[in-house]
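S.K.: Need coordinates for the below:
(4 chains)
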2 protein chains.
Amino acid sequence: MTVTAGPGKRLTKKGQATRDRIVAAASQLMLEQGVARTTIEDIQAAAGVSPSQLYHYFPGKDALVSAVIDHQTGRVLDVQHQGLDQIDTIDALNRWRDLMVGILTEAQCVGGCPLGSLASDLAESDPVARVQLANAFARWEQLIRSGLEQMQARGELAPDADPEALAVTLLATVQGGLLLSQVRRDPAPLHTALNTLIAQLRSSTP
Amino acid sequence: MTVTAGPGKRLTKKGQATRDRIVAAASQLMLEQGVARTTIEDIQAAAGVSPSQLYHYFPGKDALVSAVIDHQTGRVLDVQHQGLDQIDTIDALNRWRDLMVGILTEAQCVGGCPLGSLASDLAESDPVARVQLANAFARWEQLIRSGLEQMQARGELAPDADPEALAVTLLATVQGGLLLSQVRRDPAPLHTALNTLIAQLRSSTP
DNA sequence: ATGATTTTGGAGTATCAACTCCAAAATCTG
DNA sequence: CAGATTTTGGAGTTGATACTCCAAAATCAT
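M.R.: Sure thing, here's the model as predicted:
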């Protein structure tokens, strides 16, 4: 997911490191305080970088936001691959649930979902970002769907279950659960919501 | 939910109208572009009000945000009462689903959930607002739970179903579905997610 | 009606945030 | 090593934004 040298710009090893530092700092700050509340100066300070450096790598804040979306998309999809790639049984779904609840708990429920937060923040104010995030969610959904299809092929899921609809539902429940947990500062809502949904799946297993 | 004259401040009929106009304008703008991106000047223009008027009714932006949260909480809970108060059958849940999908469709998927958007926006940057929103969600959840308990009492829901857990799950799914629909500009995700969840409930009905 | 109180108009201020510019230092290429 | 290119430091500019102030007009209570 790391965007290395594009066609028009050659990036030195050191340059790439600086760029990465900027994106990482911006990603964290924007997750913690939102895009609009994160100033360029904040990012400069967190990344240990001067104004000219930042504007050397990004034409403006919008471009930086776009890079942040790519960065977070990569991080989230990595975790999802880790949890979903070899799903065979319903218990594997429970491990996936625990993976996400664990990450949330470690973060002490701060920030919520990196993609969900960006989406809510940018959906109405940055059309380009909206599409970029829609694509990210589509890829995430596809990952879940593939896992469910694997399970269905192994007979762990009812043959008449609809993996596509279930994938949307699971993704929605993850997003909503993360939001509720973030607001309440308590991992329970995410855990309960996923647990309930997975239990329903099990009950309709042949 | 309308906050009329508090103890320390007497509000004239006209004054209350002006205050209401400010809160309504601020609510809409903050829903459409987020809290941080909505400037006091934007609100002044939309409400047809001068700076001194705004600062006469609110000590600062934070206080206005708090009033906006109250306003949106009232609006959302009103709709939820409308859809949930007399729930007896599973079909009533489907009408509730249609109510929300209908509202979302009318809004052309712009803004998402008024509470969810505020929550995601403010959770990390305004601790007072976070608690205020947590309470709003708790009331919403309680409304859903009461509906489910009614259904359970009538035998429309399995006796061993857990209304509390189901309420959290439904609320999370609504929130996540609204977010996905907002990002994709398509009511389908919300519809699919709620539909799938309700279908699961039906399948485990005695 | 009249005096007290609330409401309003609008100009003004101090601060902050995004972005620019140019020359010096570091790094790469051959 | 030498020239071309990339990277960096830091002061400066422009515009926006939250908030203030004071006097005039409207409204209310008696």
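
S.K.: Flag every buried residue along the lowest-mean-pLDDT helix or strand in chain A.
M.R.: One helix or strand of chain A scores below all others by mean pLDDT, DSSP states H and E: helix A:188-203, with a mean of 94. Buried residues in helix A:188-203, counted by 16 or more other C-beta atoms under 10 Å in any protein chain shown: A:189-201. C-beta: built from backbone N, CA, C; applies to glycine.

S.K.: Closest to residue B:116 out of those residues?
M.R.: Among the buried residues of helix A:188-203, residue A:189 lies closest to residue B:116 (C-beta to C-beta), at 12.9 Å.

S.K.: my guess is the closest one meets residue B:173, correct?
M.R.: No. At 11.5 Å, residue A:189 does not count as touching residue B:173 under the criterion of C-beta atoms under 8 Å.

S.K.: that older thread, chain center to the least confident helix or strand of chain A: distance?
M.R.: 20 Å (C-alpha atoms, centre = their mean, to the nearest Å).

S.K.: and that helix, does that touch chain B?
M.R.: Yes. Judged by C-beta under 8 Å from any C-beta of the partner chain, helix A:188-203 comes into contact with chain B through A:189, A:190, A:192, A:193, A:195, A:196, A:197, A:200, A:201, A:203.

S.K.: Quick check: chain neighbours aside, which residue is closest to the third one?
M.R.: Read it as residue A:192. residue B:168 (4.8 Å; C-beta to C-beta, 6 or more residues apart in numbering or on different chains).

S.K.: in which helix or strand would I find the closest residue to residue A:112 other than its chain neighbours?
M.R.: Leaving aside its sequence neighbours, residue A:112 sits nearest to residue A:182 (C-beta to C-beta, 6+ apart; 3.9 Å). For residue A:182, the host element (DSSP states H and E) is helix A:163-184.

S.K.: re earlier: and the buried residues of helix A:188-203, which two are furthest apart?
M.R.: A:189 and A:201 (19.0 Å).

S.K.: Check the burial of the residue nearest to residue A:198 when sequence neighbours are not counted by counting its neighbours.
M.R.: In this structure, residue A:198 finds its nearest non-sequential neighbour in residue A:93, 5.1 Å apart by C-beta to C-beta, 6+ apart. Residue A:93: 25 surrounding residues under other C-beta atoms under 10 Å in any protein chain shown.

S.K.: ok, so what distance separates residue A:93 from residue A:84?
M.R.: Here residue A:93 is placed at a distance of 9 Å from residue A:84 (C-beta to C-beta, to the nearest Å).

S.K.: quick one, phi/psi of residue A:187?
M.R.: When read as degrees, to the nearest 10, the backbone of residue A:187 gives phi -70, psi -10.

S.K.: ok, it - contacts?
M.R.: Residues counted as contacts of residue A:187 (C-beta atoms under 8 Å, 6 or more residues apart in numbering or on different chains) are A:101, A:104, A:105, A:109, A:181.

S.K.: Please identify the buried residues of the helix or strand residue A:46 falls within?
M.R.: Here residue A:46 sits within helix A:40-47, counting by DSSP H and E. By neighbour count with 16+ other C-beta under 10 Å, helix A:40-47 contains the buried residues A:43, A:44, A:46, A:47.

S.K.: ok, for the first one, nearest residue in space, not its chain neighbours?
M.R.: The spatial neighbour of residue A:43 that comes closest, neighbours along the chain excluded (C-beta to C-beta, 6+ apart), is residue A:26 at 4.8 Å.

S.K.: was I right about the one you found contacting residue A:41?
M.R.: No. Assessed by C-beta under 8 Å, residue A:26 is found out of contact with residue A:41, at 11.9 Å.

S.K.: domain parsing for chain A?
M.R.: Using automatic domain parsing, the domain parsing of chain A gives A:9-59, A:71-203.

S.K.: Just send the buried residues of helix A:40-47 back as JSON lines, with pLDDT and distance to residue B:164 too.
M.R.: Shown next, in JSON lines, are these (pLDDT from 0 to 100; distance: C-beta to C-beta, whole Å):
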{"residue": "A:43", "pLDDT": "98", "distance to residue B:164": "42"}
{"residue": "A:44", "pLDDT": "98", "distance to residue B:164": "47"}
{"residue": "A:46", "pLDDT": "98", "distance to residue B:164": "41"}
{"residue": "A:47", "pLDDT": "98", "distance to residue B:164": "45"}
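
S.K.: Can you say which two of those are spatially most distant?
M.R.: So, those by C-beta to C-beta: farthest apart are A:44 and A:46, at 7.5 Å.

S.K.: which parts of the longest helix along chain A are buried?
M.R.: Secondary structure of chain A per DSSP state H: the longest helix is helix A:127-153. For helix A:127-153, a neighbour-count test (16+ other C-beta under 10 Å) marks A:129-130, A:132-134, A:136-137, A:140-141, A:143-145, A:147-152 as buried.

S.K.: Show me which residues of chain A are close to DNA strand D?
M.R.: Within chain A, the positions near DNA strand D by C-beta under 7 Å from any atom of the strand are A:9-12, A:14-16, A:18, A:49-53, A:56.

S.K.: Show me which of these is closest to residue B:35.
M.R.: Lowest distance from residue B:35 to those (C-beta to C-beta) belongs to residue A:51, with 26.7 Å.

S.K.: related to what we said a few turns ago, which secondary structure elements does the longest helix of chain A sit against?
M.R.: helix A:61-84, helix A:90-106, helix A:114-122, helix A:163-184, helix B:163-184 (3 or more C-beta pairs under 8 Å, 6 or more residues apart in numbering or on different chains; DSSP states H and E).

S.K.: elements contacting the last one?
M.R.: Read that as helix B:163-184. helix A:114-122, helix A:127-153, helix A:163-184, helix A:188-203, helix B:90-106, helix B:114-122, helix B:127-153, helix B:188-203.

S.K.: okay, that helix in CSV with CA atoms only?
M.R.: As requested, C-alpha coordinates have been extracted for helix B:163-184 and formatted as CSV (Å, rounded to 0.1, in the frame of the first residue of the first chain):
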residue,chain,number,x,y,z
PRO,B,163,-33.3,-8.1,24.0
GLU,B,164,-30.4,-6.1,25.5
ALA,B,165,-27.8,-7.6,23.2
LEU,B,166,-30.1,-7.5,20.2
ALA,B,167,-30.8,-3.8,20.9
VAL,B,168,-27.0,-3.0,20.8
THR,B,169,-26.6,-5.0,17.7
LEU,B,170,-29.5,-3.3,15.9
LEU,B,171,-28.3,0.1,16.9
ALA,B,172,-24.7,-0.7,15.7
THR,B,173,-26.1,-2.0,12.5
VAL,B,174,-28.1,1.1,11.9
GLN,B,175,-25.1,3.3,12.5
GLY,B,176,-22.8,1.3,10.4
GLY,B,177,-25.4,0.9,7.6
LEU,B,178,-26.0,4.7,7.6
LEU,B,179,-22.3,5.3,7.3
LEU,B,180,-21.8,2.9,4.5
SER,B,181,-24.8,4.3,2.7
GLN,B,182,-23.5,7.8,3.2
VAL,B,183,-20.1,7.0,1.7
ARG,B,184,-21.6,5.0,-1.2
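
S.K.: Fine, thanks again, bye for now.
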